[in-house]
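K.L.:
Output the structure for:
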Amino acid sequence: MNGARRTLSRETLAAIPAVTTRSDLSDCLGRICAEAGAERFLLLGTLLDHGGERPHIIASNWIYDTVHILGLEPLARLSAGPRTCAMGEPASPVGDGENEALRLLARHGHAEIYCVGLHATAQRCKALFSSGRVGAIDRQMLPQAQLACCYLLSRVPTELLGTPPPNSLSVRERECLRWVSEGKTTGEVAMILGVTANTVNSYLAHAIRKYGAANRAMAIATAIRSGTI
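P.N.:
Have a look, this model is predicted:
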């Protein structure tokens with residue numbers, strides 16, 4: 001029917017109760033993100049650290065360079081801004097274009113960013129949805145995306161909402177990530193370790209899956225932040 005309100009697909013909603021791994025979590029967030037018209041998502045949480053709080057990335061498909069260059073503190077300040085939408089309300093874009101962090105993000109393909117607050121978890125979480133084109137994100141879908149993310153957080157195992165343990169990777173997986181982070185190609189890493197390129201790709205795939213990362217770059221970012229490499 002013309003003019004009918006759009007809703008998240010049944011397939012996406014049905015996938016939420018089945019989330020048990022970081023990879024599942026990223027896949028489900030990717031579905032929600034895409035159905036809202038966004039290209040990228042970043043789920044930002046807070047952890048207690050020496051009596052204070054520090055931001056950390058729970059799941060994301062942002063390009064690593066963007067997060068690395070900008071840093072987590074500016075991201076946390078952005079997500080705490082006054083334009084963050086309240087529960088169930090239409091969202092407004094984050095910032096007004098004067099913020100240096102926003103200008104930096106725009107240069108890295110984030111022309112428009114929306115932020116929604118999330119509940120149903122002991123830590124404060126925010127979901128950032130972004131697009132490389134202004135107007136691509138469907139604002140009317142964001143309250144549904146917000147509710148779906150809250151439902152998702154209420155169903156996933158608690159350990160998925162924290163940072164991955166530093167020792168969750170095998171020695172070979174850590175070595176492969178470290179060499180790739182230093183700019184080595186798969187073939188070069190294979191020669192260094194005395195294995196085949198397919199074996200290197202397998203180690204990297206395992207590391208990506210354990211971290212629930214969207215790609216090698218995000219797995220490397222997680223490993224660096226946790227002190228694994």
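K.L.:
From here on, just use CA atoms for contacts and neighbour counts.
P.N.:
Fine.
K.L.:
gap between Arg139 and Arg133?
P.N.:
14 Å (Cα to Cα, to the nearest Å).
K.L.:
State whether Lys126 is indeed within a helix.
P.N.:
No - read with DSSP: H, G, I helix; E, B strand; the rest coil, Lys126 is strand and lies in no helix.
K.L.:
So it is in contact with Leu118, correct?
P.N.:
Yes - counting by Cα atoms under 8 Å, Lys126 touches Leu118, with 5.6 Å between them.
K.L.:
Give me the more crowded residue out of Arg139 and Arg133.
P.N.:
Arg139 (18 against 15; other Cα atoms under 10 Å).
K.L.:
And the more buried one, how far from Ala217?
P.N.:
29 Å.
K.L.:
again with Phe129
P.N.:
19 Å.
K.L.:
between the two, who's got more neighbours?
P.N.:
Under the criterion of other Cα under 10 Å, the comparison of Phe129 against Ala217 puts Phe129 first, with 28 against 19.
K.L.:
for the more buried one, what are its contacts?
P.N.:
Shown in contact with Phe129 (Cα atoms under 8 Å, 6 or more residues apart in numbering): 33, 38-42, 113-115.
K.L.:
from those, which ones fall inside strands?
P.N.:
Those of those mapping onto strands are 40-42, 113-115, per DSSP state E.
K.L.:
quick one: average pLDDT of stretch 173-187?
P.N.:
The predicted model assigns stretch 173-187 a mean pLDDT of 92.
K.L.:
measure Ala217 to Ala205 for me?
P.N.:
For Ala217, the distance to Ala205 - Cα to Cα - is 12 Å.
K.L.:
Apologies, that question was intended for Ser170.
P.N.:
Between Ser170 and Ala205 the computed distance is 12 Å (Cα to Cα).
K.L.:
Residues contacting stretch 171-185 from elsewhere in the structure, which ones?
P.N.:
Outside stretch 171-185, the residues within contact range by Cα under 8 Å, 6+ apart are 186, 189, 200, 203-204, 206-207, 216, 219-220, 223, 228-229.
K.L.:
one more time with 6 Å, if that's ok
P.N.:
203, 207, 229 (Cα atoms under 6 Å, 6 or more residues apart in numbering).
K.L.:
mind listing what's buried in that stretch?
P.N.:
Buried residues in stretch 171-185, counted by 16 or more other Cα atoms under 10 Å: 173-181.
K.L.:
For the nearest residue to Cys125 once chain neighbours are set aside, give the beta-bridge partners.
P.N.:
Nearest non-adjacent residue to Cys125, counting by Cα to Cα, 6 or more residues apart in numbering: Gly45, 4.3 Å away. Judged by DSSP bridges, the bridge partners of Gly45 are His56, Cys125.
K.L.:
surely Gly45 meets Leu128?
P.N.:
No - with contact defined as Cα atoms under 6 Å, Gly45 does not reach Leu128; the gap is 11.2 Å.
K.L.:
Outline the domain layout of this protein.
P.N.:
10-161, 166-225 (automatic domain parsing).
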